[in-house]
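Participant: Next one to model:
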Amino acid sequence: MKINKTLQYVLIGVALLVLPLILQSFGNAWVRIADMALLYILLAIGLNIVVGYAGLLDLGYVAFFAVGAYMYGLLSSPHLTTTFEWIALNFPNGLHLPLWLIVPLGAALAGIFGMLLGAPTLKLRGDYLAIVTLGFGEIIRVFMNNLDHPVNITNGPKGLDQIDPISIFGISLGKKIVIGDFEIASVSLYYYLFLSLVLITILISHRLEISRIGRAWMAIREDEIAAKAMGLNTRNLKLLAFGMGATFGGVSGAMFAGFQGFISPESFSLMESVMIIAMVVLGGIGYLPGVVLGAILLSALPEVLRYVAGPLQEMTGGRLDASIMRQLLVALAMIVIMLLRPRGLWPSPEHGKSLKAK
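Facilitator: Numbering: from 1, shown residues only. Below is the predicted model:
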């Protein structure tokens, strides 16, 4: 039994390693879909700490994604040299800080913002908590949209461009690698980086889940009053949940900025937060395999449905817009899934154990 399980893990690992090489033969667009799916898995795992483990509804999670992305964009592009003269004097070619410095800074800043969000919401629950976090996410987006005057920091709605591609050990992931007659596309190189980060994040999240902190978060989720009566410091634990979840969002945002090479406030709208929440709930709230499955489905499904929406648009004589049709198909798929599987596609097996025992 143990050998079979090990063999399964080996086969899954080989499949994940070979996947981008197969997809790139059909076009780089398919590998980009896989890259974005991995980034959304990072975001969903981070939000799962807040929503799934601690039971705190956060509708402004995309704010931390934006903080990490703008941190990377500002520190790896020539934008700040046009705004601050002292930066232009010391760095005439622009700030191009290494990845090992930018990512920890982005993660730390996002974590600080997460705790700042958590501080005023410690006594809020349910709908009130959702409204406050929703407002926080919109405040960050509006700030990014308007911090181009009087001092141009974020370049406002025009966004930041000329962002350096991610470089590791002197190897730029923005260029393809040729080995003999075989070439590995840039998007495939990003895939392997994002896959490594996802595996590390899953390991960290799993260790947190089975630790004392994870069990304390789940106690707060089930009954906060009882948890407080048992001597748990619910205030610090909630702040830690917000901070840890936001840190993963900051790392994902930094990767997104390096991958895209351009960011703007439009990429961090409310709909992004709603989609990430939907990934966690649809997959199986509080259960890592379910969260990963939900993130893959909801990030890849809209792109795959492009090939369905086009023919449907032609069938209606062009009266229906393809993008609207795609959103309609995604919404219908989500409704059907939630009706058939109300606890998610892959819920935690721990739910209902006591009922089965009875």
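
Participant: ok, and what's touching the helix or strand containing Val281?
Facilitator: Per DSSP states H and E: Val281 is located in helix 270-283. By C-beta atoms under 8 Å, 6 or more residues apart in numbering, the list of residues contacting helix 270-283 from outside reads 40, 43-44, 47-48, 51-52, 58-62, 65, 134, 137-138, 141, 289-295, 297-299, 334, 337-338, 344-346. To be clear about C-beta, it is placed using only N, CA and C from the backbone, and glycine gets the same treatment.

Participant: Of those residues, keep whichever come out buried.
Facilitator: Applying a neighbour-count criterion of 16 or more other C-beta atoms under 10 Å, the buried members of these are 40, 43-44, 47-48, 51-52, 58-62, 65, 134, 137-138, 141, 290-295, 297-299, 334, 337, 344-346.

Participant: from these, which ones fall inside helices?
Facilitator: Judged by DSSP state H, the buried ones among the contacts of helix 270-283 include 40, 43-44, 47-48, 62, 65, 134, 137-138, 141, 290-295, 297-299, 334, 337 as members of helices.

Participant: and Leu189, what pLDDT?
Facilitator: As predicted, Leu189 sits at a pLDDT of 94.

Participant: again with Met279
Facilitator: On the pLDDT scale, Met279 gets 91.

Participant: Kindly provide the distance from it to Gln260.
Facilitator: 20 Å (C-beta to C-beta, to the nearest Å).

Participant: So the two - more neighbours on which side?
Facilitator: Neighbour totals were compared for Met279 and Gln260, and Met279 leads with 26 against 17 (other C-beta atoms under 10 Å).

Participant: ok, Ala295 touching Gly46?
Facilitator: No - the criterion here is C-beta atoms under 8 Å, and Ala295 misses it with Gly46 at 10.8 Å.

Participant: Enumerate every residue touching Ile213.
Facilitator: Ile213 touches 237, 240, counting by C-beta under 8 Å, 6+ apart.

Participant: where exactly do the strands run in the stretch 101-250 of the chain?
Facilitator: Counting by DSSP state E, counting those that start in this stretch, the stretch 101-250 of the chain has strands at residues 167-168, 171-172, 177-179, 182-184.

Participant: which of the ones you listed sits most buried?
Facilitator: strand 167-168 (a mean of 14; mean count of other C-beta atoms under 10 Å).

Participant: quick one: strands adjacent to that strand?
Facilitator: The pairing partners recorded for strand 167-168 under DSSP bridges are strand 171-172 (antiparallel).

Participant: Pass me the low-pLDDT residue ranges in the stretch 1-150 of the chain, would you?
Facilitator: For the stretch 1-150 of the chain, the stretches with pLDDT under 70 are 1-3.

Participant: let's see 80
Facilitator: By pLDDT under 80, the weakly predicted segments of the stretch 1-150 of the chain are 1-5, 92-95, 126.

Participant: Helices of that one, residue ranges please.
Facilitator: With DSSP state H, counting those that start in this stretch as the criterion, the stretch 1-150 of the chain has helices at 2-23, 28-48, 62-75, 79-83, 85-90, 99-118, 126-146.

Participant: Tell me the buried residues in the last one?
Facilitator: In terms of neighbour count (16+ other C-beta under 10 Å), helix 126-146 has its buried residues at 129-130, 132-134, 136-138, 140-141, 144-145.

Participant: would you turn the residues you listed into JSON lines with distance to Leu95?
Facilitator: Listed next are the buried residues of helix 126-146 as JSON lines, based on distance: C-beta to C-beta, whole Å:
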{"residue": "Leu129", "distance to Leu95": "37"}
{"residue": "Ala130", "distance to Leu95": "37"}
{"residue": "Val132", "distance to Leu95": "34"}
{"residue": "Thr133", "distance to Leu95": "32"}
{"residue": "Leu134", "distance to Leu95": "33"}
{"residue": "Phe136", "distance to Leu95": "28"}
{"residue": "Gly137", "distance to Leu95": "27"}
{"residue": "Glu138", "distance to Leu95": "29"}
{"residue": "Ile140", "distance to Leu95": "22"}
{"residue": "Arg141", "distance to Leu95": "24"}
{"residue": "Met144", "distance to Leu95": "18"}
{"residue": "Asn145", "distance to Leu95": "22"}
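
Participant: of all the helices of the stretch 1-150 of the chain, which lies closest to Val330?
Facilitator: Between Val330 and these, the shortest gap by C-beta to C-beta is with helix 28-48, which sits at 13.8 Å.

Participant: Distance from that closest one to the middle of the chain?
Facilitator: Centroid separation between helix 28-48 and its chain, computed with C-alpha atoms, centre = their mean, to the nearest Å, is 7 Å.

Participant: How about stretch 62-70?
Facilitator: 10 Å.

Participant: Convert the C-alpha atoms of that stretch to PDB, please.
Facilitator: Provided in PDB are the C-alpha atoms of stretch 62-70 (Å, rounded to 0.1, in the frame of the first residue of the first chain):
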ATOM      1  CA  VAL A  62      -6.500  41.000  -3.800                       C
ATOM      2  CA  ALA A  63      -5.100  44.000  -2.000                       C
ATOM      3  CA  PHE A  64      -2.100  42.000  -0.800                       C
ATOM      4  CA  PHE A  65      -1.700  40.600  -4.300                       C
ATOM      5  CA  ALA A  66      -1.500  44.300  -5.500                       C
ATOM      6  CA  VAL A  67       1.000  45.200  -2.800                       C
ATOM      7  CA  GLY A  68       3.400  42.500  -3.800                       C
ATOM      8  CA  ALA A  69       3.100  43.200  -7.500                       C
ATOM      9  CA  TYR A  70       3.700  47.000  -7.100                       C
END
